[in-house]
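Asker: Mind folding the following:
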Amino acid sequence: MVNEVLIDVVEFVNVTMDKHWNHIRSDIVGHVNVKCTLSGMPDLTMFIHMPHPFLHYNLHQCAIGRRKRISDDNSVSFTPCDGNFVVMKY
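Answerer: Residues are numbered from 1 along each chain as shown. Take a look at the predicted model:
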């Protein structure tokens, strides 16, 4: 068995501009995909560098119990499930 965790961060940038190319509105929507094949039940922590706090986000049930860590130290802690899952949407 291979012990590995693969993490993909997928982001979409949405920008609205007027006919004179002036910025009207922008936002970023994304999700963090995890593919996990680990033996045992390790506790993983993923640190996130972000200039502004997330306004809206959803966590997978494996990370929901530690939701406060995102606002405290910009990290997501979780015990990963086997297989593919989305640990966070924002």
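
Asker: Send me the helix or strand bottoming out on mean pLDDT in the chain as PDB with only the CA atoms.
Answerer: Ranked by mean pLDDT, DSSP states H and E, the weakest helix or strand in the chain is helix 68-73, scoring a mean of 76. Output of helix 68-73 as PDB, limited to C-alpha atoms (Å, rounded to 0.1, in the frame of the first residue of the first chain):
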ATOM      1  CA  LYS A  68     -11.900  27.600  15.100                       C
ATOM      2  CA  ARG A  69      -8.400  27.000  13.900                       C
ATOM      3  CA  ILE A  70      -9.000  28.800  10.500                       C
ATOM      4  CA  SER A  71      -9.600  32.100  12.300                       C
ATOM      5  CA  ASP A  72      -7.000  31.500  15.000                       C
ATOM      6  CA  ASP A  73      -3.900  30.500  13.000                       C
END
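
Asker: Tell me the helices and strands packed up against that helix.
Answerer: Applying 3 or more Cβ pairs under 8 Å, 6 or more residues apart in numbering; DSSP states H and E, we find helix 68-73 packed against strand 75-78. In short, each C-beta sits where N, CA and C put it, glycine included.

Asker: what lines up beside the strand it packs on in the sheet?
Answerer: Its sheet considered, strand 75-78 pairs with strand 44-47 (antiparallel) by DSSP bridges.

Asker: buried ones in the partner strand?
Answerer: Going by neighbour count (16 or more other Cβ atoms under 10 Å), the buried part of strand 44-47 is 44, 46.

Asker: Tell me the helix or strand right after that strand.
Answerer: Counting by DSSP states H and E, the element after strand 44-47 in chain order, helix or strand, is strand 58-59.

Asker: residues making contact with that following strand?
Answerer: If you take Cβ atoms under 8 Å, 6 or more residues apart in numbering as the criterion, strand 58-59 is touched by 67, 76, 78, 87-90.

Asker: what do you get if the cut-off is 7 Å, keeping everything else the same?
Answerer: The contact list for strand 58-59 (Cβ atoms under 7 Å, 6 or more residues apart in numbering) reads 67, 87-89.
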